[in-house]
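Trainee: structure for the following, please:
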Amino acid sequence: MGWSEFRKTGLTHHQPAASVKGYTLVTPMYTGDTYLLDMDGRIVHQWHLTSHLRSFYGRLLPSGNLLIMGADASVTPPAVPEGTVPPFDASIRRIGGNATHLREVDWDGNIVWEYANPAIHHDFVRLENGNTLVNEFVEIPGEVAKAVRGGYRERNMPPMISDDFVEVDPKGKEVRRIHLWELLDPRRDAMCALERRLEWTHTNSLDVFPNGDILFSCRHNSTIGIIDTKGKLTWKLGWPAFAHQHHASVLANGHVQVFDNGMHRRGAPRSAVLEIDPKDNSVVWQYMANPEVAFLSANISSAERQPGGNVLICEGATGRVFEVTPKGETVWEWITPFQHRMPTGNLSPAIFRAHRYSAHNPALAGRELDPANHAATNRMYGLAD
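Mentor: Numbers count the residues shown, from 1 in each chain. Have a look, this model is predicted:
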């Protein structure tokens, strides 16, 4: 989605009779802040993470605590002399989505739990048993890396990286590890030719079925898949069904929903949201804009199914969050006023994902959600009435 530099921010459209009521959680990437918004797009609660944590993505737990991933800005990657091969640590610290900490903070932002690991990235799931599932960058064996097809080479390339899925208990002790690179096929699950041969997979989302099976999404080889509780890959689907996708999620009917970013696809780039039946790989529902070019996010982004069938979509790269009905009608739209200055000096409105929580959600029980308590911040960002 392209836009004018004079575009309106905040709430831009709302059809109250057709939208799903609730509060929308957004974490502007790397700003250190997370906001809960009402249906009028106003801030009703804010978490400001002190210290050096540059937050990347957060979600609410039933307790009302915020589980949030970020990178400690005080920890810098080791220097790499020009013309030499970067070590593993230096390589992963320069990859998008990399984090150093996963923190659980209470309603007031106090840290109640923390897991530190400089190789975690992108996503996490708090399991019903109280453990937490995370992504971890890992260096893969040289013989596997050589067999991986696709990608392009650069001089002084570091060793190839893939992902492990790691379950840790509340004390941070590892209790399970799955090597994704052992489950995929280096030839059949080839990398996109336009990605450098550093990351074979680049897993950007994790979700868990009610029976404990893991659903994952890999951007660099455009693959989503399911791993059962015994660690066996039971299903996978990839390009050209979608391209460089994000946020594969489990639906109540057992289907899989995925945000298809649509980059490096056949035809002109465009984004879409797909509902896929894993039994036969059929697309049983999809959302695309009309014209198609009106909906495009080259990276990040999410789609969350709401009660009744509406979908909350985060067009992440542009900071646009909107809700559509099953018929594709837009009934709520909010454009972020929050921007982060990148190392290049350019401003970024990026939001990795957005979530909506019902007023009856246990996480919000008894919470004061009055935009008047954040009047100054709402006015500063143009979100006040």
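Trainee: what about residue 140, how many neighbours?
Mentor: 22 (other Cβ atoms under 10 Å). C-beta: built from backbone N, CA, C; applies to glycine.
Trainee: now stretch 236-247: buried residues?
Mentor: Buried residues in stretch 236-247, counted by 16 or more other Cβ atoms under 10 Å: 236, 237, 238, 239, 241, 242, 243, 244, 245, 246, 247.
Trainee: so how far is it from its chain's centroid?
Mentor: Centre-to-centre, stretch 236-247 and its host chain are 15 Å apart (Cα atoms, centre = their mean, to the nearest Å).
Trainee: only alpha carbons, please: show that stretch as CSV.
Mentor: In CSV, the C-alpha atoms belonging to stretch 236-247 read as follows (Å, rounded to 0.1, in the frame of the first residue of the first chain):
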residue,chain,number,x,y,z
LYS,A,236,3.6,-28.8,4.6
LEU,A,237,2.6,-26.4,1.8
GLY,A,238,4.6,-23.9,-0.1
TRP,A,239,5.2,-21.7,-3.1
PRO,A,240,3.4,-21.0,-5.4
ALA,A,241,0.4,-21.3,-3.1
PHE,A,242,1.8,-18.2,-1.4
ALA,A,243,5.0,-16.2,-1.3
HIS,A,244,7.1,-14.9,1.6
GLN,A,245,4.1,-15.3,3.9
HIS,A,246,3.7,-14.5,7.6
HIS,A,247,1.5,-15.4,10.6
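Trainee: circling back to that earlier point, would you turn the buried residues of stretch 236-247 into a markdown table with distance to residue 339 and secondary structure?
Mentor: A markdown table is the format used below for those (distance: Cβ to Cβ, whole Å; DSSP: H, G, I helix; E, B strand; the rest coil):
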| residue | distance to residue 339 | secondary structure |
| --- | --- | --- |
| 236 | 37 | strand |
| 237 | 35 | strand |
| 238 | 34 | strand |
| 239 | 32 | coil |
| 241 | 34 | coil |
| 242 | 29 | coil |
| 243 | 27 | coil |
| 244 | 24 | coil |
| 245 | 25 | coil |
| 246 | 21 | strand |
| 247 | 22 | strand |
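Trainee: okay if I get those as a markdown table plus distance to residue 133?
Mentor: Compiled in a markdown table, these are given as follows (distance: Cβ to Cβ, whole Å):
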| residue | distance to residue 133 |
| --- | --- |
| 236 | 19 |
| 237 | 21 |
| 238 | 22 |
| 239 | 26 |
| 241 | 25 |
| 242 | 23 |
| 243 | 26 |
| 244 | 23 |
| 245 | 20 |
| 246 | 17 |
| 247 | 16 |
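Trainee: how about residue 371, phi and psi?
Mentor: Torsion angles at residue 371 (phi, psi; degrees, to the nearest 10) stand at phi -60, psi -20.
Trainee: what number of residues lie near it?
Mentor: 19.
Trainee: likewise for residue 373?
Mentor: Neighbour tally, residue 373, other Cβ under 10 Å: 14.
Trainee: check contacts around residue 133.
Mentor: Taking Cβ atoms under 8 Å, 6 or more residues apart in numbering as the criterion, residue 133 is in contact with 124, 125, 127, 165, 166, 167, 206, 208, 214.
Trainee: with adjacent residues omitted, what lies nearest to the last one?
Mentor: Spelled out, that is residue 214. residue 227 (4.5 Å; Cβ to Cβ, 6 or more residues apart in numbering).
Trainee: got the contact list for that neighbour?
Mentor: By Cβ under 8 Å, 6+ apart, the neighbours of residue 227 are 165, 178, 183, 213, 214, 216, 233, 234.
Trainee: bridged to it, which residues?
Mentor: The bridge-partner assignment for residue 227, based on DSSP bridges, gives residue 214, residue 233.
Trainee: let me see the ranges of the strands in the stretch 101-250 of the chain.
Mentor: Taking DSSP state E, counting those that start in this stretch to define them, one finds strands in the stretch 101-250 of the chain at 101-105, 111-116, 120-126, 132-139, 161-168, 174-179, 203-208, 214-218, 223-227, 233-238, 246-250.
Trainee: Serialize those strands to TSV and add fields for distance to residue 385 and mean pLDDT.
Mentor: Formatted as TSV, the strands of the stretch 101-250 of the chain follow (distance: least, Cβ to Cβ, whole Å; pLDDT from 0 to 100):
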stretch	distance to residue 385	mean pLDDT
strand 101-105	30	96
strand 111-116	34	96
strand 120-126	36	98
strand 132-139	40	97
strand 161-168	44	98
strand 174-179	49	98
strand 203-208	36	98
strand 214-218	39	98
strand 223-227	42	98
strand 233-238	46	98
strand 246-250	32	98
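Trainee: do you know which of the ones you listed lies nearest residue 375?
Mentor: Between residue 375 and those, the shortest gap by Cβ to Cβ is with strand 101-105, which sits at 23.6 Å.
Trainee: tell me the pLDDT of the closest residue to residue 266 other than its chain neighbours.
Mentor: In this structure, residue 266 finds its nearest non-sequential neighbour in residue 240, 5.7 Å apart by Cβ to Cβ, 6+ apart. With respect to pLDDT, residue 240 scores 97.
Trainee: residue 240 against residue 264, yeah?
Mentor: No - look at residue 240 against residue 264 with Cβ atoms under 8 Å: they stay out of range, at 10.1 Å.
Trainee: mind listing what residue 165 touches?
Mentor: When contacts are counted by Cβ under 8 Å, 6+ apart, residue 165 is found next to 133, 134, 135, 136, 177, 178, 180, 203, 206, 214, 216, 227.
Trainee: which residues of the chain score low on pLDDT?
Mentor: 1, 50-51 (pLDDT under 70).
Trainee: ok, now with 80
Mentor: Across the chain, the ranges flagged by pLDDT under 80 are 1-3, 5, 49-52, 74-78, 342-344, 385.
Trainee: for the residue of it most remote from its centre, give its distance to residue 94.
Mentor: Most distant from the centre of the chain: residue 83, at 33.5 Å, with distances by Cα atoms, centre = their mean. Residue 83 is 17 Å from residue 94, where distance means Cβ to Cβ, to the nearest Å.
Trainee: hang on, the earlier thing: distance to residue 8 added to the contacts of residue 165, as TSV?
Mentor: Converted to TSV, those look like this (distance: Cβ to Cβ, whole Å):
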residue	distance to residue 8
133	39
134	38
135	36
136	41
177	47
178	45
180	42
203	35
206	35
214	40
216	37
227	43
